[in-house]
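Asks: Build me a model from this:
(one chain, ligands or ions: 1)
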Amino acid sequence: MIENKFIFEKDAISLYRSKDVTEIEKDVETIFKDNSKIFPKKKNSKILLKPNFNNDLNSMTGNSTDLRILVGVLKSLKKRGYKNITIADGPNCGINHIGIDVFSRLCITSIAKMFNVKLINLNFEPGKLVDLSTGKVEIAKICLESDFIINLPKLKTHVEAKITIACKNYIGCFKGTEKRKIHDNLPLNIVSIANIIKTDLIIVDGLIGMEGRGPGDGIPKKVGVIISGHDPFITDFLCSKLMGLDYKKLPYLNIAIEKGYLTSKDIEVLSKVERIAKFKKGNKTLLDRILLNNFFIGIRFSNTFEKFFNKGFLPWLLFKLRVKQDKYILEDMNIKNMKVKENLSKEEIQKIDNCLKAYCPIKLKTIGDKDCLMCMYCYQILPSLIEVDGDLGNIKMQNKRFGKYIRED
Ligand code: SF4
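Replies: So this is what the prediction gives:
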């Protein structure tokens, strides 16, 4: 349900509060209706959805774009008859090199099949060199050639960029290790990228954000909002205030101000906005500064040394030192069956019903339904009430690492 509309000089941003899947889909549909004039007339126009699928941590951890929003967007697009829809992202270099199928782990492969839309990994797409402030970097061409781009970022803090929302989400459009070149001057390059890629619509997933050491080592933060806009700078500018952060301390937004993408009028509008949450910042430690510089990263991804960073002592040590954010489980989840535990009380059964209404992206009414995606959202909320037959694989690690925050009210 719409809660507020913020009128900036060049864009109007809407804030929705959505408490369950039905409300999320209604809010997405309202965004589509309100933006009906900007959608392409031709039903075979190339529509690109750019979510944040940087690694295999699912939406309950606060890391990746929520399937509930993705499904809502696909339903609204299909309802309007669009035939040429592509979901696209380029997961991070580390997970890419190990060969983990992020799309399959996040159930995006199943969703794409269900809606009969294309799904592409931008790391392996034909590329084109574009000029950033620090030199030429190869971007997946499709991100420059689509007719309509819907940016579906997550609401997160970030150790290096301070926040990652609409502008930084486009780093996933760059191919493989090319992404690393962007870090030569991250704030300036984020601003360049947000200008190079033509955004048509932004739908920010603020249902469960991430605070602290994002993009992958933070803490899930339940906010329950969706934010829609068109201009990535204004959207991020507003989001930073809604998250309780000071834009003056966010380098790329200050560059956007210097370059005139955000005006004094925008700053005035922002000064009247109240925060809706207080996100903890994710600051760089001294070790981050030393070991996350490009010299070290270059060694890490070189042919000679890469294998030592993929498994064994070194990645374990870097993870323990919190320099490496990701801890990957190579075995995929392998669940044969899921069911509600026996002898549950009335209250516990009610909890499961409520959980499915709130979290099941495809609105299933029972655990163990034949159409289940195995996204494990319900299991991550209520693990003590649901029995699984098989190996939880990466979900086991996610529950160990983030479970207590996922289940906090
Ligand atoms: S029942 Fe649970 S695991 Fe299956 S699709 Fe729904 S939320 Fe995901």
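
Asks: which residue ranges form the strands in the stretch 51-200 of the chain?
Replies: 85-89, 118-121, 127-132, 135-140, 148-152, 154-158, 162-164 (DSSP state E, counting those that start in this stretch).

Asks: So which elements touch the second one?
Replies: To tie it back to what came earlier, the one meant is strand 118-121. Strand 118-121 is packed against strand 85-89, helix 108-115, with contacts defined by 3 or more Cβ pairs under 8 Å, 6 or more residues apart in numbering; DSSP states H and E. (Each C-beta comes from the backbone N, C-alpha and C, glycine too.)

Asks: Tabulate the ones you listed (TSV), appending mean pLDDT, mean neighbour count and distance to the ligand.
Replies: TSV is the format used below for the helices and strands packed on strand 118-121 (pLDDT from 0 to 100; neighbours: other Cβ atoms under 10 Å; distance: least, Cβ to the nearest ligand atom, whole Å):
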stretch	mean pLDDT	mean neighbour count	distance to the ligand
strand 85-89	98	23	18
helix 108-115	98	18	9
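
Asks: Which one of these lies nearest to Ile69?
Replies: Each of these was scored for nearness to Ile69 using Cβ to Cβ, and the closest is helix 108-115 (11.3 Å).

Asks: Next, the angle strand 85-89 makes with that closest one.
Replies: Helix 108-115 runs at 180 degrees relative to strand 85-89, counting by axes from the mean of the first three to the mean of the last three Cα atoms, to 10 degrees.

Asks: where do the helices sit along the stretch 101-250 of the chain?
Replies: Using DSSP state H, counting those that start in this stretch, the helices found in the stretch 101-250 of the chain span residues 102-105, 108-115, 142-145, 166-169, 178-182, 186-196, 232-242.

Asks: Can you give me the domain boundaries for this structure?
Replies: Using automatic domain parsing, the domain parsing of the chain gives 2-298, 334-391.

Asks: okay, how far is it across stretch 126-143, tip to tip?
Replies: End-to-end span of stretch 126-143 (Cα to Cα, to the nearest Å): 10 Å.

Asks: Stretch 84-100 too?
Replies: Start-to-end span of stretch 84-100 (Cα to Cα) is 27 Å.

Asks: Return the set of buried residues in that stretch.
Replies: For stretch 84-100, burial by neighbour count (16 or more other Cβ atoms under 10 Å) applies to 84-97, 100.

Asks: Could you say which of the domains of the chain is packed most deeply?
Replies: Mean neighbour count, computed with mean count of other Cβ atoms under 10 Å, is highest for domain 2-298 among the domains of the chain, reaching a mean of 20.
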